[in-house]
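>>> Predicted model and sequence follow; I will ask about them next.
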Amino acid sequence: MKQLVIEGQHKLSGEIKISGAKNSVVALIPAAILSDDEVKLYNVPNISDTKALIDIIELLNGKVTYDDEVMIINSQNIENKVVPENLSKKLRASYYFMGALLGKFHYAEIYFPGGCNIGSRPIDLHINGFKKLGAEVYIEGNKYIIKADKLKGARIYLDFASVGATINIMLAAVKAEGTTYISNAAKEPEIVNVATLLNNMGARVSGAGTNEIKIEGVSKLSSGVIDVIPDRIEAGTYTIIGALLGQDLKISGIIEDHIDALLSKLREMGVNMYIDKNSIIISSPHEFKPINIKTLVFPGFATDLGQPMSVLLTQADGISIFEETIYENRMGHVKYLQKMGANIKVNDRTAIIIGKTPLKGTEVSATDLRAGAAMVVAGLIAEGKTTINDIEHILRGYEKIVEKLQNVGAKIEVIES
Ligand code: EPZ
């Protein structure tokens, strides 16, 4: 069993370079199979979610080369096969093969997706979207069977601006006959990244990044190239760490607009940052003002940053409130923060955080990916040694987290026990 061991309270300086976005690349890889040719992705993060998706492409008889952050996916010989449970369960984003296979072959057979246990996470909006495009959807045991004689453009309104449903419907609709409109679409930067790749492959998608996306179906998609956008959640996590421990810590390779909500909250807390075009230089202030955060869809405060941010709030002088509105169960990290000495009261999806409390190193667990990130943040500021269990969740989403932190002065290592 692998564990992360952190000796806390070391100041951090130097530079951390942000990797390509997990939540973009996990959609870009399935999108590539819509091509009848070769798709090239740059800035691909080397995380376990990426590896799991390569396994699925290879199972479908696609060819993948992946070297030095460049991935080439050749879909010339792609075949339609069942995506088995052992692969689909490895990550949430396996569900993008529903839209991609449906769009390409008008048939998809895939077992239920996996992913972090942070709430019920239904995919009814994806399924309803496929049905609006003309597909029939059956559940057989733990498996979806989705089929259509032909796919026809439709007007699809999403009850909630779901990232996954917006992308999956785009994937299914790009080769449909006629025009599809997705209204109340999600506006996250990852959606723009996926739409840009699809357009590079020959699709006609407009409006991505706004709440209405128009997709004019085309009959064929060919080769395409895309840069994976920087990971805004990784950038945000290291910026939070910089606010706590930075001494002119530079976070480079960011897109400022993607983390505006976080930066504005950090300023409200009294954190000074020097922001250049693609980087932030950050130093920890002597004290933090308490604030309230409420997670929202983009451009609101990202749900994926709520847990790491809650650690920072334990160091503010006074009462802060962290309200999670996207998922039912994003408080898994709180019991471990309490064990480390934090004063936090949870009421349903709201945490009341009373600071400032020193944190003490102890044994904790990563209950999900961002809860794990929160534990890393907590371990870095705690007195003494923190040991984190279940770190495979963290490694799913943060490329080279140990090396990146060690390079700026953190005492952190992976041990086998
Ligand atoms: C994506 O999840 C990300 N995952 C999540 O990142 C992220 O938290 C989320 O978007 C919001 O930004 C991937 O990209 C793989 P949603 P997704 O569909 O697409 C409800 C992380 O830590 N909903 O926008 O699953 C759903 O239950 C992960 O990196 C429905 O009710 O998010 C949830 O409450 C975790 N029906 C809310 O919408 C549906 O059909 C948000 O889901 C779909 C969603």
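Sure, I can see it. Numbers count the residues shown, from 1 in each chain.
>>> hey, let's count contacts and neighbours off CA atoms from now on
Will do.
>>> low pLDDT regions in the stretch 251-400 of the chain?
The model of the stretch 251-400 of the chain has no residue with pLDDT under 70.
>>> what does it have sitting close to the ligand?
Contact residues (CA under 6 Å from any ligand atom) of the stretch 251-400 of the chain with the ligand: 303-304, 326-327, 369-370.
>>> again, 8 Å this time
The stretch 251-400 of the chain comes close to the ligand at residues 297-298, 302-304, 325-328, 368-370, 397, as judged by CA under 8 Å from any ligand atom.
>>> so where do the helices sit in the protein?
If DSSP state H is used as the criterion, the helices of the chain fall at 22-32, 48-59, 85-88, 96-105, 124-132, 163-173, 189-200, 232-245, 260-269, 303-313, 334-339, 369-381, 392-395, 401-407.
>>> Could you list the buried residues of the second one?
By that I understand helix 48-59. Across helix 48-59, burial judged by 16 or more other CA atoms under 10 Å covers 48-50, 52-54, 56-59.
>>> before we move on, the earlier item: make CSV from the helices of the chain and add distance to Ile156 to it.
Putting the helices of the chain into CSV (distance: least, CA to CA, whole Å) gives the following:
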stretch, distance to Ile156
helix 22-32, 20
helix 48-59, 28
helix 85-88, 26
helix 96-105, 15
helix 124-132, 6
helix 163-173, 9
helix 189-200, 16
helix 232-245, 28
helix 260-269, 29
helix 303-313, 25
helix 334-339, 38
helix 369-381, 31
helix 392-395, 34
helix 401-407, 39
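>>> wait, which of those is closest to Ile182?
In this view, these are compared for proximity to Ile182 by CA to CA, and helix 163-173 is the closest at 7.3 Å.
>>> what's that closest one in contact with?
Counting by CA atoms under 8 Å, 6 or more residues apart in numbering, the neighbours of helix 163-173 from elsewhere in the structure are 27, 31, 34, 95-96, 98-104, 123, 125-126, 129-130, 133, 151-153, 180, 182, 185-188, 191, 194-195, 215, 217.
>>> contacts with the ligand among those, please.
27, 123, 125-126, 186, 188.
>>> what's the most distant pair in the residues you listed?
Greatest spatial distance in those: Ile123 and Glu188, 17.8 Å, computed using CA to CA.
>>> quick one, which of the two is more surrounded?
Set Ile123 next to Glu188 and count neighbours by other CA atoms under 10 Å: Glu188 wins out with 22 against 13.
>>> OK, contacts around the residue nearest to the more buried one when sequence neighbours are not counted?
Counting by CA to CA, 6 or more residues apart in numbering, Glu188 lies nearest to Phe298, which is 5.3 Å off, once chain neighbours are set aside. Shown in contact with Phe298 (CA under 8 Å, 6+ apart): 186-188.
>>> what about the stretch 1-150 of the chain, any weak spots by pLDDT?
Scanning the stretch 1-150 of the chain with the threshold set as pLDDT under 70 gives no residue ranges.
>>> Flag every residue of it that's near the ligand.
Taking CA under 8 Å from any ligand atom as the contact definition, the stretch 1-150 of the chain meets the ligand at 22-24, 26-27, 91-93, 115-116, 118-127.
>>> Emit the ChimeraX select command for whichever of those residues are buried.
In ChimeraX, selecting the buried portion of these, with burial taken from 16+ other CA under 10 Å, looks like this:
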select :22,23,24,26,27,91,92,93,115,116,118,125,126,127
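>>> Just the buried residues of stretch 159-178, please?
So for stretch 159-178, counting by 16+ other CA under 10 Å, buried means 161-177.
>>> ranges for the strands of the stretch 251-400 of the chain?
273-275, 279-282, 292-294, 318-323, 343-347, 350-355, 363-365, 385-389 (DSSP state E, counting those that start in this stretch).
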